[in-house]
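Asks: Need the 3D shape of this:
(chains A and B)
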Amino acid sequence: MSEAPQSNAGETKVPPKLPDIPSGDKLFATIMGPIEPDLVLTTEERNAKYTNETPVETAARIERYGKAIATYRKQYADFVNKQTGDIRVFGNALLHDFEGDDQSGANALSEIESQISNMQ
Amino acid sequence: MNNVPTTQPEQQENPNPVEAKLEQQLTSENVDKSLNALKAEAADKQDAAGTALKNKIQTIANKVLSAAEGDITAAANAIVNKLGGKGITAHINNGQIIVDAIGAAPAAAAAKPAAAPELGKFDKLDSDQKAILEKIDMTPNEQQDIDRALSSMSDTDIKELVSVCKTFVEQVGQDLSKVVAAYNASKQPNADADAIMQTLPEGAQHALRTLNSNPVMEKFFDALPARGPAAGPNKQKSNGEDIGDAFKKLLDAFEKLAKFFEDFNAMRSKGKIPRVSDAGINDDIVKGRHFDHHMNATKTALAEVNSELKSIGTDADPNSSIGKLIAQSKLPAASQTDKQNLDQQIQEMRQRRTELIKDKQKLDKRMQLLKDNEPPDHKEKREKADRDAAEQKKQLLEGGASKVNNLPLNDIAKAEVSGDTLKLTPKTGGRFSSDIAKKLEAAGAKKVDNTYILENPTKESADAVTNVIRDAAIANIDKSNSIWNTDKDGIRGALQKSGDWHGPETFSNGLQIDYIQAPNGKFYAQSTTGKTTYEFNGKEFVELKDQCFDGASKTLKPRVDGQVYDKEKRTFKTPTAEEKKATKQKQEADIKEIQNRRQNDDAKQKIKFATNATSTDKDGVFTFDVATWPNDDLDVRFNPSLDDGKGAWEWSEAGDNDWHPPTAEEVDKSWSNYPEVKKIAAAMRELNKLT
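Replies: Next up is the predicted model:
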């Protein structure tokens, strides 16, 4: 969480960075691509790639796919967890950013920050 | 996407036992289904994440606004501008900050050179920019003003105007969202346009001044109907003076132009380009233009609207998004702040629902207009496509049911079609085994009481479900004692071929059989010569006496004398007169050949008798072992071309291929008075009698 801004007055503030929210397809391809490139191909591309495959080779490939899906699920869960954290951090950072614009409202903002945190 | 982990594949145990089981059951048939489920899950999650982020930003912005003191409008504008600087597009509505889009600020457009002046679509705008422009508020009256102004201008001026405004968009570049947000802010009551203008980056201000000083733009302002102090730039003021006033008017013009460029250009293309405004689209539809384009666009838009409406749901539905929020807000444990936040979310969701309902009503009307104005040829094509699709669906459903019901040794399930649903019921009553039930669920079937149903099946989903029953039936076939092993192989092969031929399978006696599952679901076996056809009666294959299986129609046909079997196509055909004639000629030739062979055989026997010599026979030439001769052996053959086509015997010294008529005299002369030669000469005389 190195991107989180410091909340104490006088410390250096890091501008809040918008969390990355890719499309479902893009997220799938980004995670799955390095794990099992076959699984980001279209069905047609995959079928064409294994036209002359024997049944034994097919079975081995499908088993490999199963393991790839298990690995994907783990990495997907990690990403979603991190993304949830990023959204929370961004919200807090944004609040601090506004707070810097209007120190007179510091108390009110602190209260809001507390409320927002409680909403997570 | 730097946050996405990119480690290499590794074996991971899925902690979810249900998912783990499904992964173990991954087959080549359900790979796509599994992947689609993962993608859908990711899409849902990312949509939810986007909404959560947007709500969070909006909540923070409004909380900050509520804490502001002094000039609330200025504070709101400052917040919107600040958000714009972070790539967040927002506007002010009824004193509330509404977040429109996140991460929409385009950076790439800033450095683009000015486009050459040409009439065309807003091709330099990317989808994000267009999305930003779509956020601009515009009343129907304002639209009419612009339309009227453009209509009064010459083609050349409009072309130039388009070019100027395109250049403006490119110059503003990544600040477009700020310009639009500032414009929206400037429309608020008592907005200070000058102050808003000053909040814009210098580049955007400069672009606005340039736009303001353009002569063709002035023409456009002149053509715009006057609407109070905001109509047209004040020509008495020099560039830079009272920019706020000019800014508002310029933006006013700019956003209207942006909205109308594409549509106006489309209108001027005389129907070559689809219109984009609501009125333009309706005009296209009524005039029969771009029907497919508008129909597809309307369908897509309706689907999106319906989907979002469904997602929000009704207040009374406890399972809807809004229903859940309402239920949550009523929980006694919720704090006052929580309740306020929830109420705000509920209110926003209701507003969104109201907007969606309006959109839906507009789209429904457009869909009706499309239906009322469907071109006749299109209607004909659509109706045919509908009929074909209905027929295809019927075949798919009935084919699936037939496939299951005609499976050999299927004691697992019976299938029936009910509307658009394929229904599977345990064949022996009761319920399916847990193994079959799990497989059916994994294949996409839904459990209803003790049955499983597959709604609106595709070929893939129908195959996946029926293959579960097929595989169970195959297991029964393997265990059967009444079916020959070769027939088992044939049935399994035919099942895999799904209606195509499998084979041949060869029995121990050399008989070769092809197997097929007919469209009616029954299994047939047919010898590769087509002479014998068998039908599977549930226990074994039995021979059909008077019928054969035709590969072309994939049905049984009466066996007809004289019909010929095409081994490759596995079809039966009654020959034409020419084919019959050719067959007859071939039969005659065969008979003659047989006669010749018999004659040869006779001759061979006679020569053997006359010479007492052994012989070999190759390609119609008899070589006699008369080793006592000086020249070893003697070749004899029947030459059908001799004697005016009647044929005659001739001889040659072995291997010389120098043939002579079989006269005893010549033989005598050739080899003197060897006794064997005399015997040969005698044999020749006998041969001559034969021919």
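
Asks: can we go C-alpha only for contacts and neighbour counts from here?
Replies: Fine.

Asks: Check which helices and strands the helix or strand hosting residue B:39 is in contact with.
Replies: For residue B:39, the element it lies in under DSSP states H and E is helix B:31-67. When contacts are defined as 3 or more C-alpha pairs under 8 Å, 6 or more residues apart in numbering or on different chains; DSSP states H and E, helix B:31-67 sits against helix A:24-35, helix A:55-101, helix A:106-119, helix B:72-85, strand B:96-102.

Asks: Mean pLDDT added to these, as a markdown table?
Replies: A markdown table is the format used below for the helices and strands packed on helix B:31-67 (pLDDT from 0 to 100):
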| stretch | mean pLDDT |
| --- | --- |
| helix A:24-35 | 88 |
| helix A:55-101 | 84 |
| helix A:106-119 | 36 |
| helix B:72-85 | 78 |
| strand B:96-102 | 81 |
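
Asks: Nearest approach to residue B:549 belongs to which of these?
Replies: Closest to residue B:549 of those, according to C-alpha to C-alpha: helix A:55-101, at 30.7 Å.

Asks: name the helices or strands packed onto the closest one?
Replies: Applying 3+ C-alpha pairs under 8 Å, 6+ apart, one finds that helix A:55-101 contacts helix A:24-35, helix A:106-119, helix B:17-24, helix B:31-67.

Asks: Show me what counts as buried in the longest one.
Replies: Going by neighbour count (16 or more other C-alpha atoms under 10 Å in any protein chain shown), the buried part of helix B:31-67 is B:31-34, B:38-39, B:42-43, B:45-47, B:49-50, B:53-65, B:67.

Asks: what's the answer for the first one, then?
Replies: Applying a neighbour-count criterion of 16+ other C-alpha under 10 Å, one finds A:24, A:25, A:27, A:28, A:29, A:30, A:31, A:32, A:33, A:34, A:35 buried in helix A:24-35.

Asks: could you give the angle of it to helix A:55-101?
Replies: If you take axes from the mean of the first three to the mean of the last three C-alpha atoms, to 10 degrees, helix A:24-35 sits at 120 degrees to helix A:55-101.

Asks: Just the CA atoms from helix A:24-35 would do, formatted as CSV, please.
Replies: C-alpha atoms of helix A:24-35 as CSV (Å, rounded to 0.1, in the frame of the first residue of the first chain):
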residue,chain,number,x,y,z
GLY,A,24,-14.0,-8.7,-17.6
ASP,A,25,-12.5,-10.0,-20.8
LYS,A,26,-9.3,-7.9,-20.4
LEU,A,27,-8.9,-9.0,-16.8
PHE,A,28,-9.4,-12.7,-17.8
ALA,A,29,-6.8,-12.4,-20.7
THR,A,30,-4.3,-10.6,-18.5
ILE,A,31,-4.3,-13.2,-15.8
MET,A,32,-4.9,-16.3,-17.9
GLY,A,33,-2.5,-15.4,-20.7
PRO,A,34,0.7,-16.0,-18.8
ILE,A,35,-0.7,-19.1,-17.1
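
Asks: helices or strands next to the helix or strand following that helix in the packing?
Replies: Going down the chain from helix A:24-35, the next helix or strand is helix A:43-49, by DSSP H and E. Of the remaining helices and strands, none touches helix A:43-49 by 3+ C-alpha pairs under 8 Å, 6+ apart.

Asks: and the residue of chain A nearest chain B?
Replies: At 3.5 Å from chain B, residue A:24 is the closest residue in chain A, using C-alpha to the nearest C-alpha.

Asks: what residues are up against that residue?
Replies: The contact partners of residue A:24, taken as C-alpha atoms under 8 Å, 6 or more residues apart in numbering or on different chains, are B:39, B:40, B:41, B:42, B:43, B:44, B:45, B:46.

Asks: Same check on residue B:178?
Replies: Counting by C-alpha under 8 Å, 6+ apart, residue B:178 makes contact with B:81, B:84, B:85, B:89, B:200.

Asks: if I look at the residue in chain B positioned nearest to chain A, how far off is residue A:21?
Replies: For chain B, the residue closest to chain A is residue B:43, as judged by C-alpha to the nearest C-alpha, at 3.5 Å. Residue B:43 is 10 Å from residue A:21, where distance means C-alpha to C-alpha, to the nearest Å.

Asks: The host helix or strand of residue B:579 - what's its average pLDDT?
Replies: Using DSSP H and E, residue B:579 sits within helix B:577-611. With pLDDT averaged residue by residue, helix B:577-611 scores 74.

Asks: same question, stretch B:447-461
Replies: Average pLDDT, stretch B:447-461: 89.

Asks: Which of the helices or strands spans residue B:378?
Replies: With DSSP H and E as criterion, residue B:378 is part of helix B:376-405.

Asks: Thanks a lot, catch you later.
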